[in-house]
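Novice: Quick one: sequence and predicted model below, then my questions.
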Amino acid sequence: MRHGLRAGLAACLLGLLVACGGGPALEPLAADAAILAFGDSLTAGNGAKRENAYPAQLDALLSQRVINAGVPGETTAGGLQRLPGVLAQHSPALVVLCLGGNDMLRKLDRGQAKANLASMIGIIRESGAQVVLLGVPEPGLLLLSAPAFYTELAEEFGLPYDGETLPNILADRSLKSDPIHPNAEGYRELAGAVRELLANAGAID
């Protein structure tokens with residue numbers, strides 16, 4: 001009897017994991033929580049008006065406040081230096097981390113970029129905030145894809161991760177303002193994907 005109960009519970013849990021995609025979970029966010037979008041020009045919204053950047057469009061989709069902390073041209077090293085002050089200023093409950101594109105454009109060391117992102121993830125968690133990660137595609141490739149180190153970081157730290165949306169957007173000319181930046185519609189798609197990522201992880205309804 002107990003064996004049957006345990007088997008039933010295991011099957012139920014497996015079903016829940018499959019239904020939820022089996023990805024890492026987040027703690028639910030309070031309705032008045034702050035979400036920090038931290039990154040470079042892809043976060044700042046280059047290629048569109050500031051009000052059409054993905055953080056602004058995500059803000060319109062959520063009850064939580066979304067803060068745009070994007071700095072054009074920033075590398076992971078620059079982000080690592082800037083991050084503690086931004087966290088102290090805004091005290092977010094969750095950070096959407098999207099950096100690495102400028103490291104690739106400048107042909108900087110990929111291992112160091114990964115290490116910088118890992119340090120940022122640690123700093124964010126030490127602040128008490130949760131983290132989700134967005135993968136940035138490698139420039140110059142015919143078939144755009146995010147480098148493997150993003151997936152490795154997501155697996156190592158147990159992060160909700162989206163490594164497909166930005167590559168898909170930047171592979172579609174109708175969603176780009178230039179070779180490396182989305183237009184307003186592209187940022188709208190990115191905002192929707194981040195909302196879905198948060199919902200699937202349990203952070204929002």
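Specialist: The structure has been received and is ready for your questions.
Novice: alpha carbons only for contacts and neighbour counts from here, please
Specialist: OK.
Novice: Strands along this protein, start to end?
Specialist: Under the criterion DSSP state E, the chain contains strands at 34-39, 65-70, 94-98, 130-134, 161-162, 176-178, 181-182.
Novice: Let me have these in JSON lines, extended by mean neighbour count and distance to Tyr150.
Specialist: Output for the strands of the chain, formatted as JSON lines (neighbours: other C-alpha atoms under 10 Å; distance: least, C-alpha to C-alpha, whole Å):
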{"stretch": "strand 34-39", "mean neighbour count": "24", "distance to Tyr150": "14"}
{"stretch": "strand 65-70", "mean neighbour count": "21", "distance to Tyr150": "19"}
{"stretch": "strand 94-98", "mean neighbour count": "23", "distance to Tyr150": "10"}
{"stretch": "strand 130-134", "mean neighbour count": "23", "distance to Tyr150": "8"}
{"stretch": "strand 161-162", "mean neighbour count": "22", "distance to Tyr150": "8"}
{"stretch": "strand 176-178", "mean neighbour count": "16", "distance to Tyr150": "23"}
{"stretch": "strand 181-182", "mean neighbour count": "25", "distance to Tyr150": "19"}
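Novice: Serialize those to a markdown table and add fields for distance to Leu153 and mean pLDDT.
Specialist: Compiled in a markdown table, the strands of the chain are given as follows (distance: least, C-alpha to C-alpha, whole Å; pLDDT from 0 to 100):
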| stretch | distance to Leu153 | mean pLDDT |
| --- | --- | --- |
| strand 34-39 | 16 | 98 |
| strand 65-70 | 21 | 98 |
| strand 94-98 | 12 | 98 |
| strand 130-134 | 9 | 98 |
| strand 161-162 | 9 | 98 |
| strand 176-178 | 27 | 95 |
| strand 181-182 | 24 | 96 |
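Novice: now those as CSV including distance to Pro147?
Specialist: Formatted as CSV, the strands of the chain follow (distance: least, C-alpha to C-alpha, whole Å):
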stretch, distance to Pro147
strand 34-39, 17
strand 65-70, 21
strand 94-98, 13
strand 130-134, 11
strand 161-162, 12
strand 176-178, 20
strand 181-182, 18
